[in-house]
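Student: A structural model of the following input is requested.
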Amino acid sequence: MKRLMGLLAGGMMAVALTACTPTSQNSGQRRTAPPAGATQEAQVDGALEKEQMVVDEDPTVTVCIYSVNGDKTGLEQNIDAVDGEELDAQALVNKMIELGVIEEGVTVAKFENKDGALTLELSALQGAKDDLIITAVANTFIQNYEADTLSLTIAGEKIGSGELTFNKEFKKLK
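Tutor: Residues are numbered from 1 along each chain as shown. The predicted model follows:
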């Protein structure tokens with residue numbers, strides 16, 4: 001009885017191994033060369049392709065710019081990039097000018113970042129009395145510099161009664 005069981009087990013293993021063995025896919029099929037002048041797609045390993053790529057882009061920093069929405073009831077976020085390896089306050093102001101948040105000609109007179117407290121002095125800003133523009137500037141700088149507060153001065157005049165903070169309800173301000 002043991003001998004019969006051993007033979008059956010051995011036979012089943014032989015059948016299982018035979019069934020699981022890969023078979024040649026070349027069952028009479030011949031590969032022919034493409035006709036002259038025909039293009040042929042080659043498969044390239046992703047790692048090899050990545051290695052062969054030439055990167056000639058200038059370094060950029062991804063930024064989030066807040067701008068006034070179309071119906072002027074709040075702000076909207078715009079994700080963009082500025083040139084350079086590190087974030088620069090003037091580059092951030094230039095991107096805000098490019099996106100139409102603030103007018104051309106605005107420059108950074110002074111910028112400091114001390115332990116999450118930003119101090120920003122701009123040369124001018126026509127929308128200094130517009131809460132939406134001020135909130136857009138504050139949210140843009142606070143988020144991109146990962147700060148807690150912003151002290152904003154425009155042409156020597158302090159904006160707001162204290163430090164500005166990030167406004168989480170920026171989508172509906174009015």
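
Student: what's the weakest-modelled helix or strand in this protein?
Tutor: Sorting the helices and strands of the chain by mean pLDDT, DSSP states H and E puts helix 46-52 at the bottom, at a mean of 62.

Student: count of neighbours near the closest residue to A89 other than its chain neighbours?
Tutor: Nearest residue to A89, sequence neighbours excluded (CB to CB, 6 or more residues apart in numbering): F111, at 3.9 Å. To be clear about C-beta, it is placed using only N, CA and C from the backbone, and glycine gets the same treatment. As a burial measure, F111 scores 17 neighbours (other CB atoms under 10 Å).

Student: Find the helix or strand that F111 is a member of.
Tutor: According to DSSP states H and E, F111 maps onto strand 108-114.

Student: With K72 instead?
Tutor: For K72, there is no host helix or strand (DSSP H and E).

Student: Can you name the residues that contact S123?
Tutor: S123 makes contacts with 105-109, 155, as judged by CB atoms under 8 Å, 6 or more residues apart in numbering.

Student: closest to I134 among these?
Tutor: Using CB to CB, V106 comes nearest to I134 of the contacts of S123, at 13.1 Å.

Student: Touching, the closest one and G127? I think so.
Tutor: No. If you go by CB atoms under 8 Å, V106 and G127 don't touch, sitting 10.0 Å apart.
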